[in-house]
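Novice: structure of the sequence below:
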Amino acid sequence: APAAPAAPAARLAPAGSFDAYSWDQSDKAVTIYVPVAGATADEVETTFGESSFSVTHARGAEARTLAVSNLCRAVDPGRCRVAIKKDRLQVKLWKREPGDTWSALDDTADRKKAEREARIQGGDLKDASTQQLLADMYANATDEERRSLVEAAGQGAQKRRDGQV
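Specialist: Residues are numbered from 1 along each chain as shown. Next up is the predicted model:
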């Protein structure tokens, strides 16, 4: 008699993202706190690279992942770990260069700042006026940065009207 067909493998739903996490840093490491209640080692998978990490929690047919492919600075992947706590996953990324201060978890803001500085030093913004620099800053800002720029401009205008400048 022919063998019975194998049962189909259980499939995980496509991984969703964690919608909340926090992080902090010391001179030697960056620690990421991901809220997950009651996780077990069998439910957690991690991958560490010199400039990336991912942590996935899979329970039943649901999986959620936090992944960063462009960390702010290099880490030592051989030392990086995840600790499973009662109410969270605690990802420890050991800094390649102790003492480096990270401005964010990823390098997006640092790259953007370096590109702008290069444009000011020798590119299209080299001899730009203050007004041109501010216009460029506004054009390349996030929504939050734009709100801050508009607020600062309004405060400056009010000070000029009040004769404080």
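Novice: could you use CA atoms for every contact and neighbour count after this?
Specialist: Fine.
Novice: show me the contact partners of the host helix or strand of residue 46.
Specialist: Using DSSP states H and E, residue 46 sits in strand 44-49. With contact meaning C-alpha atoms under 8 Å, 6 or more residues apart in numbering, strand 44-49 is reached by 53-58, 75-78, 80, 82.
Novice: go through it and flag the buried ones.
Specialist: Within strand 44-49, the residues scored as buried using 16 or more other C-alpha atoms under 10 Å are 44, 46, 48-49.
Novice: beyond that strand, next helix or strand please.
Specialist: By DSSP H and E, the next helix or strand past strand 44-49 is strand 52-59.
Novice: adjacent strands (with direction) for that next one?
Specialist: strand 44-49 (antiparallel), strand 62-68 (antiparallel) (DSSP bridges).
Novice: can you give me the neighbour number for the residue lying closest to residue 128 once chain neighbours are set aside?
Specialist: Excluding the flanking residues, the one nearest residue 128 by C-alpha to C-alpha, 6 or more residues apart in numbering is residue 120, at 7.8 Å. Neighbour count of residue 120, defined by other C-alpha atoms under 10 Å: 15.
Novice: checking residue 120 next. Helix, strand or coil?
Specialist: helix (DSSP: H, G, I helix; E, B strand; the rest coil).
Novice: for residue 69, what are its contacts?
Specialist: 51-53, 106.
Novice: sorry, back to before: what is the nearest of the contacts of strand 44-49 to residue 99?
Specialist: Here the nearest of those to residue 99, counting by C-alpha to C-alpha, is residue 75; it sits at 12.1 Å.
Novice: in this structure residue 110 contacts residue 103, no?
Specialist: Yes. Applying C-alpha atoms under 8 Å, one finds residue 110 in contact with residue 103, separated by 7.5 Å.
Novice: re the thing from before, any quick PyMOL command for the buried ones out of the contacts of strand 44-49?
Specialist: Applying 16+ other C-alpha under 10 Å to the contacts of strand 44-49, the buried members can be selected in PyMOL as follows:
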select buried, resi 53+55+56+57+58+75+76+77+80+82
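Novice: can you lay out the contacts of strand 44-49 as TSV showing distance to residue 148?
Specialist: Converted to TSV, the contacts of strand 44-49 look like this (distance: C-alpha to C-alpha, whole Å):
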residue	distance to residue 148
53	32
54	33
55	34
56	35
57	37
58	40
75	33
76	36
77	37
78	41
80	37
82	37
